[in-house]
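Enquirer: The sequence and its predicted three-dimensional model are supplied below.
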Amino acid sequence: MIKKFIKRILGVKNKAAANQPAVLGPNEHGINPQLLSSNAIRVTQTLQEAGFKAFVVGGAVRDLLLGVKPKDFDVATNATPEQVKRLFRRAFIIGKRFQIVHVMFGQDIIEVTTFRGASAESSPKDEHGRVLRDNTFGEQHEDAVRRDFTINAMYYDPANRQVLDYHNGIADIRSKTLRIIGVPEARYREDPVRLLRVVRFAAKLGFEIDPETREPIKVMAPLINNVPAARVFDEMLKLLMSGHALACLQQLRKEGLHHGLLPLLDVVLEQPLGEKFVTLALAGTDQRIREGKPVSPGFLFASLLWHQVLEKWTAYQAAGEYPIPALHLAADDVLNTQTEKLALQRKIATDMRDIWAMQPRFERRVGKSPYKMLEHMRLRAGYDFLLLRCASGEIDAEIGEWWTAFMAADGPGREELLARKPKTEGDSQAPKKRRRRGGRNKPKGAAAEGSTP
């Protein structure tokens, strides 16, 4: 009885069973070979011809089993990184925590990993138990144990079209269950990013999280604070660009993981205008991704954090600051807070600032200001953001309609639009333009309303 209990806790049946996978043939797994990447097949074939084992692995196999064409293909092999590198003309070893090889075919990258061995007790860890570096190589069954979820721990051999399943991943796929391999607490402590991956996979796939996998999440959520900000940002970007961003954020809230990642997001989503704005932004992003259209991370983060900027913008103006400087101060406050948590890349932060800074300029529909806006390199992003504000009820829809007409019109048409008196000029729900107080002169060198920030 004690042995059975220990085996259940450790998540393994017995040594022999753990080392021997279930082997599924084409008729059992139903993978369509046409969904495979020709470059992934080329990599596995090259490795196998050189005498090594090689399999398509992880999320790609999961997607293939679900009948979905994978976006990325990873390959696992018993060849070392140096041995892999020697077999391909354009191959680069990367990674510190665990070395991997990027094999490049034009813009297509196939990520090749060597089978990982059992995690060594001597592996460097931080004070919370997070593994900092682990280049231990091992056998395929050990590699399967090291993978995070059962549905990501299957191996597909394009040569014989067999799937090797070490942890009943095929059963969990069929029952739509997300289950971590091993003891959940230990696996989360080993790499806290798995807390976010649980949410992303559950939301993206529409799977239920196994109760034992879910139970420690809220308690262990603070461990995310120990993960380098760049890794958290990468995972958040994957989550938001998954095509199921809205479902992912809802799942984050459900599991209690949103605090600290996007500060005040929970408050925003409880406000009618904020909730509608964020919902529209994420729904639009998800739709574009499903249609294969490009999506700007800067636009996405600008949308998520806009109502925090809006709140601070209003507060600075109420304290006597002029609109444009107030907007810059508000943007600084929000971005400084987020950069500490998410390590927002400089380009993304610049895009966010540009989108936000354009908003008050859209309300100046007189003189040469609209023509200057047409020359702005981020006009389309700023305009789409403006339409979101209109659709959510934050500002009058007439402003968006006017800009839609102005951008589509020819020269005479634009002059006619400029000649009309805007119905809502200075009457939107955005922060009001403050009039100069009596006896107070505008500070020398301050930006004029509507000027380029």
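Expert: Arrived safely, thanks for sending.
Enquirer: how about the helices of the stretch 251-400 of the chain, start to end?
Expert: Counting by DSSP state H, counting those that start in this stretch, the stretch 251-400 of the chain has helices at residues 265-269, 272-290, 297-318, 323-342, 346-362, 369-374, 379-392, 397-408.
Enquirer: and what of the stretch 1-150 of the chain?
Expert: Secondary structure of the stretch 1-150 of the chain (DSSP H, counting those that start in this stretch): helices at 2-10, 15-19, 26-29, 38-49, 59-65, 81-87, 140-146.
Enquirer: Pick the most deeply packed of these.
Expert: Most buried of the helices of the stretch 1-150 of the chain, by mean neighbour count (mean count of other C-beta atoms under 10 Å): helix 59-65, with a mean of 22. C-beta: built from backbone N, CA, C; applies to glycine.
Enquirer: Check what contacts it and list those residues.
Expert: 29-32, 35-36, 40, 56, 69-70, 72-74, 151-152, 154-156, 163, 169-170, 173 (C-beta atoms under 8 Å, 6 or more residues apart in numbering).
Enquirer: how distant is it from the center of its chain?
Expert: 19 Å (C-alpha atoms, centre = their mean, to the nearest Å).
Enquirer: for the record, mean pLDDT for it?
Expert: Helix 59-65 carries an average pLDDT of 96.
Enquirer: can you check stretch 157-168 too?
Expert: 97.
Enquirer: Between its first and last residues, how far does it reach?
Expert: This stretch, stretch 157-168, spans 18 Å end to end (C-alpha to C-alpha, to the nearest Å).
Enquirer: Domain-wise, how is this structure divided?
Expert: The chain breaks down by automatic domain parsing into domains covering 13-175, 183-261, 265-419.
Enquirer: so where is the stretch 251-400 of the chain shaky, pLDDT-wise?
Expert: Residue ranges of the stretch 251-400 of the chain with pLDDT under 70: 259-269.
Enquirer: next one: the stretch 101-250 of the chain
Expert: For the stretch 101-250 of the chain (pLDDT under 70), the answer is 119-135.
Enquirer: so Asp418 sits right up against Arg365, yeah?
Expert: Not Asp; residue 418 is Leu. Yes: taking contacts as C-beta atoms under 8 Å, Leu418 lies within contact range of Arg365: 6.9 Å.
Enquirer: Specify which residue of those two has the higher count of neighbours.
Expert: Arg365 (21 against 17; other C-beta atoms under 10 Å).
Enquirer: Quick check on that one: phi, psi?
Expert: Main-chain dihedrals, Arg365, degrees, to the nearest 10: phi -110, psi 50.
Enquirer: circling back to that earlier point, of the helices of the stretch 1-150 of the chain, which is nearest Gln338?
Expert: helix 59-65 (27.7 Å; C-beta to C-beta).
Enquirer: Distance of the closest residue to Leu386 other than its chain neighbours relative to Thr404?
Expert: Spatial nearest neighbour of Leu386, chain neighbours left out: Phe362 (5.2 Å); criterion: C-beta to C-beta, 6 or more residues apart in numbering. As judged by C-beta to C-beta, to the nearest Å, Phe362 and Thr404 stand 11 Å apart.
Enquirer: between those two, which one's more packed in?
Expert: Phe362 (24 against 14).
Enquirer: Name all residues that make contact with that one.
Expert: Phe362 touches Met373, Gly382, Tyr383, Leu386, Ile399, Trp403, counting by C-beta under 8 Å, 6+ apart.
Enquirer: how far away is the first one from Leu379?
Expert: Between Met373 and Leu379 the distance, using C-beta to C-beta, works out to 6 Å.
Enquirer: shared neighbours of the two, anything?
Expert: Among the neighbours of Met373, those also in contact with Leu379 (C-beta under 8 Å, 6+ apart) are Met358.
Enquirer: Neighbour count: these two, which is higher?
Expert: Taking other C-beta under 10 Å, Met373 and Leu379 do not tie; Met373 has more neighbours (21 against 16).
Enquirer: my read: the more buried one touches Met358, true?
Expert: Yes: the pair Met373 and Met358 qualifies as a contact (C-beta under 8 Å) at a distance of 7.3 Å.
Enquirer: who touches both of the two?
Expert: Leu379, Gly382.
Enquirer: quick one on the thing from earlier: among the helices of the stretch 251-400 of the chain, which is nearest Leu195?
Expert: Going by C-beta to C-beta, the one of those nearest Leu195 is helix 323-342, 14.6 Å.
Enquirer: counting contacts, what elements does that closest one pack onto?
Expert: Here helix 323-342 touches helix 229-240, helix 297-318, helix 346-362, going by 3 or more C-beta pairs under 8 Å, 6 or more residues apart in numbering; DSSP states H and E.
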